[in-house]
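K.L.:
When you get a sec, could you give me coordinates for this:
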Amino acid sequence: MTRHTLPYVETLATHQRSEAWRTDAAQSLDHPILFWITRGQGRVMVDCRMRGIGPNTAVFIPPNTLFSYEMFASPQGMVVSLPRDDTAGLPRRPALLKATTIQSQSEISGLIDALSRELGELRTGQRRAVMAYAMMLGVWLDRALAEQPQSELGKSDRMLRKFSHVVSIGHRDGKSLGEFAADLQVTPTHLTRLTQTAVGKPASALLQERVIQAACEALLHTDRPVQDIAEKLGFSSPAYFTRAFQAHTGKNPSAFRKAK
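P.N.:
Residues are numbered from 1 along each chain as shown. Okay, the predicted model is just below:
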């Protein structure tokens, strides 16, 4: 995982405050994450598909999946950052699941509470216990998925999923939208038409949001010089990087680093 060797449990409010930049900007993680929403309304974008979310909704996002979320109306919930470990048996696809029964709601809430308690105490066998709870969350997700089969993706959604994946894993390569489109054997215009229809943003905006998110993460969690970050993310010069970063965040990179 990026900063945790074990699963990590936090409230939705804490998670939102700890976000590097904006929750409604496209991002991706190198580990799975589970959102359990117990109160409030919002929307989530996963693989360039926008969905509404409300109380008693679980959103599972695998590694290297482009997503964003926006919550309204005093939301409450828990967020579980999970290990990238195939032995945990977690789903390989994103899932948005409505827990419609009291039993199902109690099960996931109980698993998250038990995982949080285990993480809060240094006891013999902690890692095994924590991984067991992570596996049980995977079982809960599998059962919920079996009860709520996901519809087959159409041609456009399949292309959006491919675009989401290549941006998630390749946003640090300095590639242009045209290069990503070429990799997918489509035109930038076609990609933009798809993303604009699906999420109300051009494909270039999603790509740039993910790049700026990566810059925010590097500024907050490393001591690398701004020039090195700019070069790594494919900007032609530190000055161009600074202008682009400030246009999105309202701060230049140095001020952003100090403010956090």
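
K.L.:
dump the residue contacts of residue 112.
P.N.:
Residue 112 sits next to 9, 36, 78, 80, 137 when contact means CB atoms under 8 Å, 6 or more residues apart in numbering. C-beta: built from backbone N, CA, C; applies to glycine.

K.L.:
what helix or strand is the last one on?
P.N.:
This points to residue 137. helix 126-147 (DSSP states H and E).

K.L.:
same question, the third one
P.N.:
Here residue 78 sits within strand 67-81, counting by DSSP H and E.

K.L.:
What is the distance between the helix holding residue 137 and the centre of its chain?
P.N.:
19 Å (CA atoms, centre = their mean, to the nearest Å).

K.L.:
go on, stretch 61-80?
P.N.:
Mean C-alpha position of stretch 61-80 versus that of the full chain (CA atoms, centre = their mean) differs by 7 Å.

K.L.:
then it to PDB, C-alphas only?
P.N.:
Listed next in PDB are the C-alpha coordinates belonging to stretch 61-80 (Å, rounded to 0.1, in the frame of the first residue of the first chain):
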ATOM      1  CA  ILE A  61     -12.600   0.400  -5.900                       C
ATOM      2  CA  PRO A  62      -9.800  -1.900  -6.900                       C
ATOM      3  CA  PRO A  63      -6.200  -0.700  -7.500                       C
ATOM      4  CA  ASN A  64      -5.500   1.500 -10.600                       C
ATOM      5  CA  THR A  65      -9.100   2.500 -11.000                       C
ATOM      6  CA  LEU A  66      -9.900   6.100 -11.900                       C
ATOM      7  CA  PHE A  67     -12.500   7.500  -9.500                       C
ATOM      8  CA  SER A  68     -13.800  10.600  -7.800                       C
ATOM      9  CA  TYR A  69     -16.600  11.300  -5.300                       C
ATOM     10  CA  GLU A  70     -18.600  14.100  -4.000                       C
ATOM     11  CA  MET A  71     -20.800  14.000  -0.900                       C
ATOM     12  CA  PHE A  72     -23.600  16.300   0.300                       C
ATOM     13  CA  ALA A  73     -26.000  16.600   3.200                       C
ATOM     14  CA  SER A  74     -23.800  15.900   6.300                       C
ATOM     15  CA  PRO A  75     -22.500  12.500   5.200                       C
ATOM     16  CA  GLN A  76     -21.300   9.800   7.500                       C
ATOM     17  CA  GLY A  77     -19.500   6.600   6.900                       C
ATOM     18  CA  MET A  78     -16.300   4.600   7.100                       C
ATOM     19  CA  VAL A  79     -13.400   4.200   4.600                       C
ATOM     20  CA  VAL A  80     -11.200   1.100   4.600                       C
END
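
K.L.:
which stretch of helix or strand covers residue 64?
P.N.:
Using DSSP H and E, residue 64 maps to neither a helix nor a strand.
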